[in-house]
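In: Quick check, what structure comes out for this input:
(one chain, ligands or ions: 1)
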Amino acid sequence: MLSNDRRFVVSWPPSTKALLGNLSLALQTGELHQNRRKLLAQAFLPRALSGYIGTIEQITGQYLERWADQGQTELVWYPELRRYTLDVACKLLAGLDNGSETELGHLFETWCAGLFSIPLALPWTKFGQAKRAGQQLDRVLTQMIRQRSADPNYPDPGSDTLGLLIQARDDNGQSLTPAELNDQVLLLLFAGHETLTSAIASFCLLVAQHPDVLVKLRAEQTQFESIPLSLDSLKQMTYLEQVLREVMRLVPPVGGGFREVVESCELNGYQIPQGWMVLYQISATHQDSDLYPQPDRFDPDRFSPENLQQQSADRQKYGYLPFGGGIRECLGKEFARLEMKIFAAHLLRGYQWELLPDQNLDLVTVPTPHPKDDLRVRFSSLRC
Ligand code: HEM
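Out: Just a heads-up that it's a prediction; the model follows:
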């Protein structure tokens with residue numbers, strides 16, 4: 001189901017389908033989907049990613065300092081993390097500064113809140129409000145795209161994804177229409193914002209709950225303190241990589257994906273009729289005790305180089321899938337890994353955080369997993 005199997009096509013809940021634009025990659029299928037994936041992937045090639053590092057570091061630094069100023073008694077971290085990832089996404093995907101405070105940011109949050117809701121379009125329902133916000137978002141984005149496309153002097157059109165996509169051409173030399181640019185940018189903002197917030201919040205929570213892991217993470221960072229962050233230096237932070245992998249195993253931001261059966265078939269001895277819906281389960285795979293003994297335990301050493309060496313390529317490919325797999329594998333996975341690592345490196349080097357008592361840390365799973373009481377911490381700079 002994860003491979004290029006034409007008996008299954010991607011499917012989304014009705015509310016998501018209705019709110020994502022028709023021209024968004026998530027809803028495109030077949031050759032058009034392949035063609036567009038190739039085009040959009042240009043924004044996540046190593047050269048483009050390298051160019052994003054400085055901006056991510058700058059926004060991360062500003063947020064961390066602000067949290068240290070405000071959070072000495074209490075910081076309600078999850079909504080702040082949402083603002084942080086939205087600012088990074090708006091800047092790098094659409095070239096917009098302080099996105100969370102703009103009209104686009106506010107409309108986007110209302111739109112997101114309706115993506116997985118009951119598809120009843122009334123003025124007071126989440127879905128109805130999201131539909132209206134979606135129409136206004138179209139207007140704001142269309143205007144941005146028009147301005148950007150018409151401005152030959154735009155400082156560096158390749159410095160963000162929108163700039164790259166305006167210039168990009170598909171295999172037939174065609175550029176994306178303004179309407180498609182609109183839908184694709186909105187999809188990228190959504191895909192890159194909710195999931196990353198969840199992964200980063202889980203990292204902060206799990207590391208706070210495991211001081212032994214924190215000590216090892218900090219020790220690794222001291223080896224890199226004098227080296228500028230780059231794709232290469234981030235790759236060398238192997239313990240951080242292990243920890244992030246284990247975070248996304250234990251709390252995958254996306255629990256699974258729906259596929260519609262377009263041709264009756266047999267899978268593992270089961271007959272699956274055409275028209276049925278099947279769900280591939282990321283969470284259940286990551287909780288399989290044959291693959292991960294004591295699956296509820298947070299243990300980054302599961303992903304140590306020695307342990308990975310003992311696993312077959314298939315076991316690694318199909319037993320660990322926070323980013324899905326096959327033709328629908330997450331397009332922004334390297335972007336996500338980059339942002340998580342930069343955030344973690346800056347946090348570990350300069351700051352400390354402590355979970356406040358009397359809060360509910362159980363995870364709410366919609367739209368993506370996060371602690372019920374929004375992760376309340378005491379936050380300060382290590383320099384104090
Ligand atoms: C920790 C962060 C992230 C996680 C865990 C994640 C996870 C996933 C998963 C599981 C899928 C496959 C859904 C399916 O099989 O139906 C997916 C698809 C996708 N992701 Fe991500 N994602 C993350 C971050 C991002 C970011 C940062 C971007 C872009 C900036 C992004 C863009 C996309 C896109 C465009 C697709 C649709 C691909 C297609 O349909 O061909 N994701 N993601």
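In: Which stretches in this protein count as strands?
Out: According to DSSP state E, the chain carries its strands in the segments 8-11, 75-76, 256-261, 265-267, 270-272, 277-281, 351-355, 363-364, 370-371, 376-381.
In: Which of the ones you listed sits closest to the ligand?
Out: Closest approach to the ligand among the strands of the chain is made by strand 256-261 (3.2 Å; C-beta to the nearest ligand atom). All C-beta atoms are positioned from the backbone trio N, CA, C, and that covers glycine.
In: and the residue of the stretch 201-350 of the chain at minimum distance from the ligand, what are its phi and psi?
Out: Distances between the stretch 201-350 of the chain and the ligand by C-beta to the nearest ligand atom are smallest at Gly332, namely 2.1 Å. Main-chain dihedrals, Gly332, degrees, to the nearest 10: phi -100, psi 20.
In: what's the burial count for Glu260?
Out: For Glu260, the number of neighbouring residues by other C-beta atoms under 10 Å comes to 15.
In: Could you find the closest non-adjacent residue to it?
Out: Once flanking residues are discounted, Glu260 sits nearest to Ser11: 4.3 Å by C-beta to C-beta, 6 or more residues apart in numbering.
In: same check, this time on Tyr63
Out: Tyr84 (4.7 Å).
In: Equivalent analysis for Arg249, please.
Out: His286 (4.7 Å).
In: circling back to that earlier point, can you give me the separation between the residue nearest to Tyr63 and Arg349?
Out: Going from Tyr84 to Arg349 by C-beta to C-beta, to the nearest Å gives 17 Å.
In: Please verify my assumption that Ser50 contacts Leu231.
Out: Yes - counting by C-beta atoms under 8 Å, Ser50 touches Leu231, with 5.7 Å between them.
In: Run a quick neighbour tally on Gln223.
Out: Taking other C-beta under 10 Å as the criterion, the count of residues near Gln223 is 11.
In: mind showing which ranges of the chain have poor pLDDT?
Out: Scanning the chain for pLDDT under 70 picks out 1-4, 153-158.
In: Alongside the ligand, which residues does it contribute?
Out: Taking C-beta under 6 Å from any ligand atom as the contact definition, the chain meets the ligand at 10, 25-26, 37, 187-188, 191-192, 195-196, 199, 253-254, 257, 322-324, 328, 330-332, 335-336.
In: again, 5 Å this time
Out: By C-beta under 5 Å from any ligand atom, the residues of the chain that approach the ligand are 26, 188, 191-192, 195-196, 199, 253-254, 257, 322-324, 328, 330-332, 335-336.
In: before we move on, back to that, which ones are touching the residue nearest to Arg249?
Out: Arg249, Leu250, Pro252, Tyr292, Pro295, Tyr320, Leu321, Pro322 (C-beta atoms under 8 Å, 6 or more residues apart in numbering).
In: Which of those residues fall in helices?
Out: Judged by DSSP state H, the subset of these located in helices is Arg249, Leu250.
In: re earlier: can you pull up the bridge partners for the residue nearest to Glu260?
Out: On the basis of DSSP bridges, Ser11 is bridged to Phe258.
In: Quick check: it touching Met277?
Out: Yes - between Ser11 and Met277 there is a contact under C-beta under 8 Å: 6.2 Å.
In: And these two? Which one has more around it.
Out: Under the neighbour definition other C-beta under 10 Å, Ser11 and Met277 were set side by side, and Ser11 has more, 18 against 11.
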